[in-house]
Every structure is written in structure tokens, then in C-alpha cells.
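Novice: Structure of the sequence below:
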Amino acid sequence: MSTYPVYRPRGGLNRLLGSADDFMNWFLYGHETWLVATLKGVPLFLFLYFSLFYLSNYVYYLVTVELPFLRFSDDVGFLIANGFGMTNFALIIILAIGVQAARGRRGIGWSTIRIIVGLTYLLTVLVIIPLMAFNLAGGALWPPVKFPLQGIAFGMIVAGLGAAGCVYLYFEFRRITRRDADAAALRSSELARR
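Specialist: Numbering: from 1, shown residues only. Predicted coordinates:
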């Protein structure tokens, strides 16, 4: 990876995408404390759980109970749900390989992979985990639909904690990159004096 930053055209969208790419470079490959590792690892685990088990369960009930023109048997529904889960698993493995291949590389494709991971992280901490918390507290979006007050409150609390975690990650990114920039400036001034 070059020491010099890549030229980015000036403009609101390009600046936003460039900043998101820089953040995701740090998020995926940079320095981390135990708290940053926890804020990354727990949502990753819950995203895998949701993708492999929750969605497969929804597909199972969809093809065996809910859609009146399908109503497959339990065995066929089990096979369809497992096929859906294994497809999700294969896509996650492909994304993980792409993320590792994108390490230290610049370009629209590599940046797109990193930004997709960032958007997935935001989706996980702001929507998926609060939905799971809502279900855990007795709420349901699937028939029968139930919106108990404790389910809504718990989901909102978890969404707020996810948003606070995202804000903390942003400030940690700024702190670490400022520290690295100060160290680079100090080293540069020392080399200039020699």
C-alpha cells in the first residue's frame, strides 16, 4: 500500500465514499482495543446466526405453512430451508474471501467490498439485532403479529446501544488515525533535521 493517499475528486459523494472506505480499512484491518474487537465480534456472530438460522426458519414456515399455493410437506420444507441456509453460508464465505483479498488494495471494486461490509454492519447493529431483541421480549412480526410494549422498548434500547457503539467506533477511528498522523509527522520532522 502506498504511503501517499490516492487522489479522490472533490465532491460530497466522493468525499463521503472516500471517508467510508478509509474508516472500513481501519475497521477491518487496523488497530483495535478489546472493546473494538467486542463491538465487531458480537454483531458478526449475531449476523451469522440471523442469516443461517432465523432466515432459514422463516423460509421453512413460508413454504410449509404460510403460502397457500405451496404448502409443502415438512420434509420438503426442511430441504428447502437447508438449501437456503447453505446458500447464505456460501455467500458469507465468498464475502469473507473478498474482504481478505481487499486488504491493502485500492480501486472501485475493493472499496465496494469494504463499503458493503460497513453497510452490513450498520444493518446488523441498527436493524437485525434490535429485531432479535424485539422477538426475545415477546414481539413478533410473523403471524400472529404481536407488538408488546416490553418488546418495542427492548428493541429500541438495543437499537440505541447499537447506534452508540457506531459513534464510539467513529471516535476511536479518529483517535487512532490522529495518533498515527502525529507519529508520522514527528518521524518526518526528525528525518528532515538529519
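Novice: Which residue lies nearest the spatial centre of the protein?
Specialist: Tyr121 (1.6 Å; Cα atoms, centre = their mean).
Novice: check contacts around it.
Specialist: Residues counted as contacts of Tyr121 (Cβ atoms under 8 Å, 6 or more residues apart in numbering) are 27, 40, 43. Yep, even glycine has a C-beta here, placed from its N, CA and C like the rest.
Novice: and the residue lying closest to the last one once chain neighbours are set aside, what does it touch?
Specialist: On the basis of Cβ to Cβ, 6 or more residues apart in numbering, the spatially nearest residue to Pro43 that is not a chain neighbour turns out to be Thr124, at 4.6 Å. Applying Cβ under 8 Å, 6+ apart to Thr124 gives the contacts 43-44, 46-47, 50.
Novice: Low-confidence bits of the protein, can you list those?
Specialist: Along the chain, the parts satisfying pLDDT under 70 run over 1-10, 143.
Novice: give me that answer again for 90
Specialist: In the predicted model of the chain, residues 1-19, 22, 26, 29-34, 61, 65-71, 73-74, 104-108, 140-146, 176-194 satisfy pLDDT under 90.
Novice: Can you show me the helices along it?
Specialist: 12-29, 34-49, 55-61, 74-101, 108-123, 129-136, 149-193 (DSSP state H).
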